[in-house]
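> fold the following and give me the result.
(one chain, ligands or ions: 1)
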Amino acid sequence: MRALEAFAKVNRSLLVLGKRPDGFHELDTLFQTIDLSDELLFEEDDGLSLSIAGGAIPADGTNLVLRAARALSERAGGARGARLHLVKRIPVGAGLGGGSADAAATLLGLNALWGLGLAAEQLRPVAASVGSDVAFFLFGGRARGTGRGERIEPLPDVPDESLVLLLPPFGMPTPEDYGALGAPPLPAGSPLRPAGEPLPDRNDLEPAAERLRPELSALRGSLRAAGAASARLSGSGSTVFGVFRSPEEARRAAEALDGRDGVRAAVTRTISRAEWSRRAVPWRPAGGAAREALR
Ligand code: C5P
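Below is the predicted model:
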């Protein structure tokens, strides 16, 4: 049995450039890996199967892990099997990319388990067929995403940032946020910012999310009042995160904000691509509890 860690993300910036004829929204976003992860275990088997510990998500064919496994099996040109077990720790419907991270870890793990030898570049189209932001999780660290979010340009590592995540007791379905946005059609020949130009500290989905859930605006305000240099919605929410100047400041803010109105506060930090490569990609020995779960 082998194990991989699947790390979550936040969007340090998210610009919606317009609605496309295919119904998706054209984005220019800055993805950033954070130190919060699910664990995925792999065992050779004849058929494909999935079991899940934690998190109220179905282990059926709608699960992104099984969709990624099927897509890779097709790409490999034949039915292949594996027994998968997911230990879910990343909150669901939170804008932290948990399902997409699991799907990408499935691709990386099964690529190794099945001895396919596909490079990340070759896995990228398989990832994009499973979901708009799955491809980012093949690269980790900091990366710019354009198109639906599936066109990834890995960016150089920057110093780690201290974050506080505020996790409300509700999730935000991504299509609802995009629907409430009422974005205008993507203008023809819409120019992207030149490479290297910093993306602004902005998330264009915030006004729509905050109309649907006004308490999200108050949460951003509470992070700023607690000293955050920036306080943004992650992706389509519901997580709101603050960027702090030190781990100590982040810890103090999290202590002050935790538990208000059922909102959980968690301290974390960003993870560079160098660290992600060390921690996410290599096989790790599966822990005792996970081993038990597979019996
Ligand atoms: O690609 P994914 O399955 O993650 O997208 C879920 C939903 O989010 C889409 O069906 C669409 O409603 C919305 N979406 C969008 N534009 C994007 C990404 C997602 O409108 N770039």
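> residues of the protein that sit close to the ligand?
Taking Cβ under 6 Å from any ligand atom as the contact definition, the chain meets the ligand at F24, H25, L27, G131, S132, R148, G149, T174, P175, Y178. Every residue, glycine included, has its C-beta placed from N, CA and C.
> apply 8 Å and report the result again.
Proximity of the chain to the ligand (Cβ under 8 Å from any ligand atom) is limited to residues 19-20, 23-27, 100, 130-134, 147-150, 174-175, 177-179, 236.
> filter those to the buried ones?
Buried by 16 or more other Cβ atoms under 10 Å: 19, 25-27, 100, 130-134, 147-150, 174, 177-178, 236, out of the residues of the chain next to the ligand.
> rewinding a little: and the residues of the chain next to the ligand, which of them are in strands?
K19, H25, E26, L27, G147 (DSSP state E).
> looking at strand pairing, list the partners for the third one.
According to DSSP bridges, the partner residues bridging E26 are G18.
> the residue in the stretch 51-200 of the chain that the ligand sits nearest to: what's it in contact with?
At 3.3 Å from the ligand, S132 is the closest residue in the stretch 51-200 of the chain, using Cβ to the nearest ligand atom. For S132, the contact set (Cβ atoms under 8 Å, 6 or more residues apart in numbering) comprises F24, R148, G149, E150.
> helices along the stretch 151-295 of the chain, start to end?
174-181, 206-212, 215-225, 247-257, 273-279, 288-293 (DSSP state H, counting those that start in this stretch).
> a markdown table for those, including distance to D46 and mean pLDDT?
Formatted as a markdown table, the helices of the stretch 151-295 of the chain follow (distance: least, Cβ to Cβ, whole Å; pLDDT from 0 to 100):
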| stretch | distance to D46 | mean pLDDT |
| --- | --- | --- |
| helix 174-181 | 35 | 95 |
| helix 206-212 | 44 | 97 |
| helix 215-225 | 46 | 98 |
| helix 247-257 | 46 | 98 |
| helix 273-279 | 31 | 95 |
| helix 288-293 | 20 | 50 |
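> got a markdown table for those, with distance to V164 too?
A markdown table is the format used below for the helices of the stretch 151-295 of the chain (distance: least, Cβ to Cβ, whole Å):
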| stretch | distance to V164 |
| --- | --- |
| helix 174-181 | 22 |
| helix 206-212 | 17 |
| helix 215-225 | 7 |
| helix 247-257 | 5 |
| helix 273-279 | 20 |
| helix 288-293 | 28 |
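> how much space between the residue nearest to E161 when sequence neighbours are not counted and R224?
Once flanking residues are discounted, E161 sits nearest to T270: 4.6 Å by Cβ to Cβ, 6 or more residues apart in numbering. T270 is 19 Å from R224, where distance means Cβ to Cβ, to the nearest Å.
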